[in-house]
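Undergrad: one predicted model, sequence on top.
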Amino acid sequence: MEISVAATALAFAVAASALPDGRPGRLGPADVPLALAALTGLAALVGVVTRRTAEPAAALEVDPCAALDPVPMRTVVRLLASLVLLATTIGPLGLLVSGTLCGALAASAVTGARLPGALAAGVAATALVAGVFVGLVGQPLPLLPGALR
């Protein structure tokens with residue numbers, strides 16, 4: 001497990017090396033993958049340091065998977081549909097509308113979710129994405145139909 005997390009950190013670092021750096025006081029496109037590389041590398045290091053030896057399977061008294069509930073198909077379908085919705089509508093509708101609808105559909109996959117809460121989650125997710133990419137990284141996004149930034 002730690003090897004795959006370390007490989008992911010390495011992949012983020014390699015991706016960051018191909019992007020231009022930021023300047024003082026302003027994030028650049030390479031800063032986000034570098035931050036992800038640092039966080040995943042730290043997670044791999046913590047995993048190695050805190051690793052415990054596994055007990056033999058015969059010593060287990062209960063099945064560890066017995067407590068896991070299966071994921072309802074409704075949840076899987078809504079999450080996949082939200083990705084398809086975002087991919088197909090971001091161009092014609094822009095991120096503000098498409099992201100809100102996608103976030104609302106994804107939030108509605110949670111058991112017990114209601115429409116107002118799902119819409120609020122969609123708006124919050126879209127605002128977060130727009131804030132990071134436009135505000136911090138300075139990358140243009142199709143916020144409105146046919147317009148960048």
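TA: Happy to help now that I have it. All values reported here derive from a predicted model rather than from experimental measurement.
Undergrad: buried residues in stretch 86-95?
TA: By 16 or more other CB atoms under 10 Å, the buried positions in stretch 86-95 come out as 86, 89, 90, 93, 94, 95. In this view, the C-beta of every residue, glycine as well, is placed from N, C-alpha and C.
Undergrad: same thing with stretch 122-135?
TA: Those would be 122, 125, 126, 130, 133, 134, for stretch 122-135 by 16+ other CB under 10 Å.
Undergrad: just the ones of the buried residues of stretch 86-95 in helices?
TA: Mapping the buried residues of stretch 86-95 onto helices (DSSP state H) picks out 86, 89, 90, 93, 94, 95.
Undergrad: now render these as TSV, adding distance to residue 43 and pLDDT.
TA: What follows is those, written out as TSV (distance: CB to CB, whole Å; pLDDT from 0 to 100):
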residue	distance to residue 43	pLDDT
86	27	83
89	34	84
90	30	79
93	36	84
94	35	82
95	29	81
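Undergrad: show me the two of those that sit farthest apart.
TA: Among these, the pair separated by the greatest distance (CB to CB) is 86 and 94, at 11.5 Å.
Undergrad: least trustworthy helix or strand in this protein by mean pLDDT?
TA: For the chain, counting by mean pLDDT, DSSP states H and E, helix 2-17 ranks last in confidence among helices and strands (a mean of 79).
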